[in-house]
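**Q** Below is the sequence, then the predicted model.
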Amino acid sequence: MPPCLSNLLKQSSARHSHLCPRQVLGVRLGLAGLAALGLESPISKRALLVIVETDGCFADGIEVATGVTIGHRTLRVNDLGKIAATFANIRTGYTIRISPAFDVRERARVYAPEQDRLYFAQVQGYQLMPEEELFRFEEVVLTPSLGDLLSEPTARVNCEWCGEEIINDRQVLVDGVLLCKSCANQGYYKVLRRYRIPTKLRDVSLKTLEPG
């Protein structure tokens with residue numbers, strides 16, 4: 001067991017008031033990613049980009065282990081519904097994706113034979129399993145590229161349809177018109193109605209307001 005693992009697991013479990021198998025996987029996977037790229041935590045925002053493929057306690061484990069954060073633009077969530085993460089060395093471009101081995105749930109029992117319940121066997125077993133049994137490693141190429149993902153943080157333009165500001169070079173060009181991704185039908189929501197909210201009505205439910 002890595003000497004810092006127990007402390008990292010305590011930090012992760014403090015966020016949830018308990019320790020679960022996915023937190024253990026997140027911490028172990030985060031440490032494995034750093035080791036594969038020859039980096040140490042806490043991570044500089046100019047050194048590493050981590051892309052996690054699900055949210056929740058697994059992502060918290062990775063954040064605790066590596067020091068990456070959304071605020072520092074070193075952590076992204078691309079929700080594919082998978083317990084996996086990709087680590088990109090910003091300086092070298094080397095990129096590796098790590099995911100649990102296919103039989104990892106059952107293999108955990110070998111390392112925790114005294115545990116009757118699979119859940120607790122995983123909590124204990126994942127802490128003890130060697131990396132070569134716990135994870136799969138794949139060298140990958142990012143799409144979009146690392147440069148496009150990092151983008152230019154000082155870039156600012158306005159969408160020609162909704163007028164909202166777009167930062168970080170996230171605009172798209174559609175038939176010569178500069179749009180935000182939402183107006184280009186690449187966003188996560190669809191506008192049903194817009195409102196103007198006067199200061200004196202700031203705390204009033206939107207349902208009580210007339211469309212603006």
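**A** Received, thanks. Numbering: from 1, shown residues only.
**Q** so where do the strands sit in the chain?
**A** With strands called from DSSP state E, the chain shows them at 48-52, 75-77, 85-89, 95-100, 135-139, 156-158, 165-167, 172-174, 177-179.
**Q** Disregarding flanking residues, what is the spatial nearest neighbour of residue 59?
**A** residue 52 (4.7 Å; CB to CB, 6 or more residues apart in numbering). Bear in mind the C-beta positions are built from the backbone N, C-alpha and C, glycine included.
**Q** same thing with residue 174?
**A** Nearest to residue 174 is residue 184, by CB to CB, 6+ apart, at 5.2 Å.
**Q** Torsion angles phi and psi at that neighbour?
**A** In terms of degrees, to the nearest 10, the main-chain angles of residue 184 are phi -90, psi 10.
**Q** The one 3 residues further on now?
**A** With angles defined as degrees, to the nearest 10, residue 187 sits at phi -90, psi -170.
**Q** any idea how far it lies from residue 177?
**A** In this view, residue 187 and residue 177 are 16 Å apart by CB to CB, to the nearest Å.
**Q** Name the residues of the helix or strand of the chain with the lowest mean pLDDT that are buried.
**A** When each helix and strand of the chain is scored by mean pLDDT, DSSP states H and E, helix 146-150 comes last, with a mean of 92. Buried residues in helix 146-150, defined by neighbour count with 16 or more other CB atoms under 10 Å: 149, 150.
**Q** My guess is the residue nearest to residue 174 contacts residue 178. True?
**A** No: assessed by CB atoms under 8 Å, residue 184 is found out of contact with residue 178, at 9.6 Å.
**Q** Overlap of the contact sets of those two?
**A** Here residue 184 and residue 178 share the contacting residues residue 172, scored by CB atoms under 8 Å, 6 or more residues apart in numbering.
**Q** Lovely, talk soon.
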